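A.B. asks: whatever this is, show me its structure:
(chains A and B)
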Protein chains: 2
Amino acid sequence: MTLLDAIPEIRYRQLADTLAAAIHRGTLLPGSRLPSVRRCAQTHNVSINTVVAAYRQLEDRGLIEARPQSGFYVRATLPALKTASAPSNRIEKPADDVLALIDTVFAAQQNPAFTNLSLACPQTSDFYPGSKLGRMLASQLRRQPNLIGQYALPPGNLRLRQQIARRSMTLGMLLEPGDITLTHGCMEALQLALRATTKPGDCVGLESPTYFYLLPLLASLGLNALEIPTDSQNGLSLDALELLLQEKRLNAVIAMPTVQNPLGCTMPLAAKKRLARLMNDHQVPLIEDGLYAELQFGSALSPAVKAFDRDGWVLFCSSFTKTLAPDFRIGWVAGGRFSEALHKLKAVSSMSESQLLSETLATFLEAGGYDHHLRNLRKRYATQVEEARALIARHFPRGTRATQPAGGFVFWVEFPLAVDAVALFHQLLEEQICLTPGTLYSPSGLRLSCCYPFDARYTQALARVGAKACEMSGLPAGIAQGE
Amino acid sequence: MTLLDAIPEIRYRQLADTLAAAIHRGTLLPGSRLPSVRRCAQTHNVSINTVVAAYRQLEDRGLIEARPQSGFYVRATLPALKTASAPSNRIEKPADDVLALIDTVFAAQQNPAFTNLSLACPQTSDFYPGSKLGRMLASQLRRQPNLIGQYALPPGNLRLRQQIARRSMTLGMLLEPGDITLTHGCMEALQLALRATTKPGDCVGLESPTYFYLLPLLASLGLNALEIPTDSQNGLSLDALELLLQEKRLNAVIAMPTVQNPLGCTMPLAAKKRLARLMNDHQVPLIEDGLYAELQFGSALSPAVKAFDRDGWVLFCSSFTKTLAPDFRIGWVAGGRFSEALHKLKAVSSMSESQLLSETLATFLEAGGYDHHLRNLRKRYATQVEEARALIARHFPRGTRATQPAGGFVFWVEFPLAVDAVALFHQLLEEQICLTPGTLYSPSGLRLSCCYPFDARYTQALARVGAKACEMSGLPAGIAQGE
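C.D. replies: Next up is the predicted model:
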């Protein structure tokens, strides 16, 4: 009987997964020493044998190496790639489980009885200029009642595309209206961008962790996913990316370099420039998801990677869904060298966006209230993010870590190992509190959304998440370490 | 030097294509004798040698056979299949050409200076209850101003899905709201239905002729197309379909059994029942495009094939785009056994439809004005179709044939061979008249749309098409033969 046989597999697999996630995200850096087996056992409240088994499994996965007389070290040469290069049972298998979990999350999100710490949309009018947009919509209807009877054609309303092109300069981009295709939200922008740049069987590089719908989207298009380690300081690992590009293993890359979902982080400027250069040098398309880029907290906005796009290999996707009018679901993609293909693909996929809604958005953007609205929204979210982090520090179990977002309203929380985030999710569902567990990469991770009005109901729910996590783990509540 | 070398290939290919199209559509029935070489030469104003070369090519394509001492006959055993079974250079090649042509058509359609005999939408408010819908939309905004700030989730607004389920009974269907996914127009309904039922590389059977965007849609999804002969009396050839199903050569079928685009015809009831039975027996999904089904001219509506769906193998797609509010672009699919998959696919493709627009549609449907509106619309289109056919009979070249539509506002016109519909299209573009040439299946075919107000501009443009066609062919204007 071997050591591994003696320990329930679930225990050491869980620990191995958590450590692997830390390595993927760069919390444990290449070349760094892992905690001693004894210390790790104490920290995670498991037996010595469990730690040994977990370390052996990480060694088998190629993530760490044993150095004689010294201990275990994170492998220095691109530790995440070893896993990423053989992702078949790591990436494809969870897609179904995750879809099922997302269904549960969606059902709870749609139930007004639930307190929502999950959905990335405030679901309330006072975060958006709803009444002003409503008046503009009504006025548009009076002026052009026959818009309802019109049949819009791709690439979409010209006035709105002109406004998008004009506004894109705030993120350093110089776009022409002809570069832009209007889409049904950012989700369709990503979907069409993937279809325009890849074919089934191709391999797409993506951040790890990433937006939870990307893996199901890739699976639905017959695309393979290759994870690229992403940390909250530097974003996507460009060294890892460069190696993959050199080895010609990627047909496209999809990433969120500004206000990443779920980490909330933004890539440094130099890294963005290098990313643009890499993609253009290797002539591989980068699908840049800029959904939250206008919600950056700083006064000076970090430019899009698309701003440094030399030869049109960057496709920039965004939407007004998170900033202005969620229900209009009007997004867009600036397709670079793929613009023509995107116009055509939009036509055979869903034809066009509503002229009535597009005209209304264009009128709002022309009228000049958008910047004022964005300033308020950014301030509000910055405050709420800080308040949420303070609540986490107070109520969540000692050892909980949380990212420091550069904008938007989502961030990543990582519990100590003793908390199983999926179990926590299910238990809190019974109390009508809805979370988004970060299942794919860490059994102890959680994406928190703090875009809701900070009323008593929200703060109490957040405190309750902490209390439940403490109860489940036996850990005391305490101060969270910011990453 | 052979006979074929002596004749310009373009001449006999053109004739062969026209005859092949007639065979595909059932105008020349299996087993029937082709006109003698001499008579064919007279009819089409070509040389005897050209006819002989064309007949030989049809023989090579497996569409006709020579019987000694008797002449040429359409092959009795599924004449179209021979062509359909080796469609690679017949189906895939034109997709790009057609896309380019469609671009030209779209550009002209969007230019208000052009007279539009092409777009399948009136582009004018008085065909739709625009002002009533506008008032309902404004009232909805006043009652629920925060709808603009809401984030809608799939499968979409429940009230609207309830109304769709209720109304589907007029087409003989018994649907539950849970069967239905709201989509971005019928185009997205078809796209998602294809993705839910097939994988890249699969083979999809479709009508010939068919909606001009289906081939580019299939190509964009990596699907192969297999044409099934379709005639204006009986629709899709069920004998051909049955053989293909028995040979397991189809992974899905997409068809428009009610008010087909472009023929305008509706399958007989018995054929619809047999179609439903075939698909269920062979467990192959049928994607039923019911876009024009509510625009049938008769007082009793022919039921959907979905009405006879035994085990959920029929997916019914439709939209309010042609009947009520083109600009809202709200469509739907009742997915049968694929309903769950469709809910999920919608989420990762474009998430959801606007709640504001969905609620407004639901309110309109509940208020009961829809049936009244539909009755008026049907009457109006029936009148316009008759007027358009009368103008064609008067102004188009002698020998022109046109289908007799069972509803809607499009029908198929076939010129005598001497008229090249694509050349006609380009020449009339210079006169700012926009047509839809039926390039794929017949160089002499044309889809006409008569949904526009029948004003002097429209009737003059239609007369001008006839005059130009007469001028190009040297044929006199005369009475069209109805099929």
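A.B. asks: doesn't A:Val413 make contact with A:Gln404?
C.D. replies: No: between A:Gln404 and A:Val413 there is no contact under CB atoms under 8 Å: 11.6 Å. C-beta: built from backbone N, CA, C; applies to glycine.
A.B. asks: neighbour-wise, which of these two wins?
C.D. replies: Neighbour totals were compared for A:Gln404 and A:Val413, and A:Val413 leads with 24 against 15 (other CB atoms under 10 Å in any protein chain shown).
A.B. asks: wait, the more buried one sits on A:Phe396?
C.D. replies: Yes: at 7.2 Å, A:Val413 and A:Phe396 qualify as touching, with contact defined as CB under 8 Å.
A.B. asks: angles on the backbone of the most centrally placed residue in chain A, please.
C.D. replies: What sits nearest the mean C-alpha location of chain A, by CA atoms, centre = their mean, is A:Asn261, with 2.3 Å. Per-residue torsions, A:Asn261: phi -110, psi 120 (degrees, to the nearest 10).
A.B. asks: with adjacent residues omitted, what lies nearest to it?
C.D. replies: With sequence-adjacent residues excluded and distances taken as CB to CB, 6 or more residues apart in numbering or on different chains, A:Asn261 is closest to A:Tyr211, at 4.9 Å.
A.B. asks: could you do A:Gly331 as well?
C.D. replies: With CB to CB, 6+ apart, the residue lying closest to A:Gly331 is A:Ser319, at 3.3 Å.
A.B. asks: now for the one you found, how many residues are close by?
C.D. replies: With other CB under 10 Å as criterion, A:Ser319 counts 27.
A.B. asks: got it, and A:Asn111?
C.D. replies: Using other CB under 10 Å, A:Asn111 has 11 other residues around it.
A.B. asks: A:Asn251 now?
C.D. replies: A:Asn251: 19 neighbours (other CB under 10 Å).
A.B. asks: against chain B, how distant is the residue nearest to the centre of chain A?
C.D. replies: 14 Å (CB to the nearest CB, to the nearest Å).
A.B. asks: over to A:Phe396?
C.D. replies: A:Phe396 sits 26 Å away from chain B, taking CB to the nearest CB as the criterion.
A.B. asks: any idea which helix or strand carries the closest residue to that residue other than its chain neighbours?
C.D. replies: In space, and not counting its chain neighbours, A:Phe396 is closest to A:Gly466: 4.2 Å by CB to CB, 6+ apart. Taking DSSP states H and E as the criterion, A:Gly466 maps to helix A:456-473.
A.B. asks: just the mean pLDDT for that helix, thanks.
C.D. replies: The average pLDDT within helix A:456-473 is 91.
A.B. asks: what's next to that helix, contact-wise?
C.D. replies: Here helix A:456-473 makes contact (CB atoms under 8 Å, 6 or more residues apart in numbering or on different chains) with A:115, A:117, A:387-388, A:391-392, A:394-397, A:400, A:415-416, A:418-420, A:423-424, A:427-428, A:431, A:433, A:435, A:452, A:475-477.
A.B. asks: who does A:Glu207 bridge with?
C.D. replies: A:Ile228 (DSSP bridges).
A.B. asks: that one contacts A:Ala255, doesn't it?
C.D. replies: Yes: contact criterion CB under 8 Å: A:Glu207 and A:Ala255 qualify, at 5.4 Å.
A.B. asks: give me the common contacts of the two.
C.D. replies: Jointly contacting A:Glu207 and A:Ala255 under the rule CB under 8 Å, 6+ apart are A:235-236.
A.B. asks: more neighbours, the two?
C.D. replies: A:Glu207 (27 against 23).
A.B. asks: contact partners for the more buried one?
C.D. replies: Listed by CB under 8 Å, 6+ apart, the contact partners of A:Glu207 are A:227-228, A:230, A:235-236, A:255-256, A:260.
A.B. asks: circling back to that earlier point, any idea how far B:Ala193 is from the residue nearest to A:Asn261?
C.D. replies: Taking CB to CB, to the nearest Å as the measure, A:Tyr211 falls 26 Å from B:Ala193.
A.B. asks: again, but for A:Glu247
C.D. replies: With distances taken as CB to CB, A:Glu247 is found 38 Å from B:Ala193.
A.B. asks: swap in A:Phe409?
C.D. replies: The gap separating A:Phe409 from B:Ala193 is 35 Å, by CB to CB.
A.B. asks: who's more crowded, these two?
C.D. replies: With neighbours defined as other CB under 10 Å, A:Phe409 and B:Ala193 compare such that B:Ala193 has more, 30 against 27.
A.B. asks: the more buried one and B:Glu288 touch, don't they?
C.D. replies: No: B:Ala193 is beyond contact range of B:Glu288, at 9.1 Å (criterion: CB under 8 Å).
A.B. asks: which residues do those two both contact?
C.D. replies: The contact lists of B:Ala193 and B:Glu288 share B:315, B:317, where a contact means CB under 8 Å, 6+ apart.
A.B. asks: can you give me the angle the lengthiest helix in chain A makes with helix A:456-473?
C.D. replies: Identified as the longest helix of chain A according to DSSP state H is helix A:370-395. Angle between the axes of helix A:370-395 and helix A:456-473 is 40 degrees (criterion: axes from the mean of the first three to the mean of the last three CA atoms, to 10 degrees).
A.B. asks: in terms of secondary structure, what does helix A:370-395 contact?
C.D. replies: Contacts defined by 3 or more CB pairs under 8 Å, 6 or more residues apart in numbering or on different chains; DSSP states H and E place helix A:370-395 against strand A:410-414, helix A:456-473.
A.B. asks: sorry, back to before: pull out the buried members of the contacts of helix A:456-473.
C.D. replies: Buried members of the contacts of helix A:456-473, counted by 16 or more other CB atoms under 10 Å in any protein chain shown: A:115, A:117, A:388, A:391-392, A:395-397, A:400, A:415-416, A:418-420, A:424, A:428, A:433, A:435, A:452, A:475, A:477.
A.B. asks: of the residues you listed, which belong to strands?
C.D. replies: A:115, A:433 (DSSP state E).
A.B. asks: distance of A:Asp103 relative to chain B?
C.D. replies: 8 Å.
A.B. asks: how about that residue, what does it touch?
C.D. replies: Taking CB under 8 Å, 6+ apart, we find A:Asp103 in contact with B:Lys344.
A.B. asks: make sure it is indeed in a strand.
C.D. replies: No: counting by DSSP: H, G, I helix; E, B strand; the rest coil, A:Asp103 is located in no strand; its state is helix.
A.B. asks: lowest-scoring secondary structure element of chain A by mean pLDDT?
C.D. replies: Taking mean pLDDT, DSSP states H and E as the measure, helix A:79-85 is the helix or strand of chain A with the lowest mean score, a mean of 25.
A.B. asks: mind listing what's buried in the longest helix of chain A?
C.D. replies: Result for helix A:370-395 [16+ other CB under 10 Å]: buried residues A:370, A:373-374, A:377-378, A:380-382, A:384-385, A:388-389, A:391-393, A:395.
A.B. asks: what mean pLDDT does that helix get?
C.D. replies: Computed over helix A:370-395, the average pLDDT equals 90.
A.B. asks: perfect, I'm done here.
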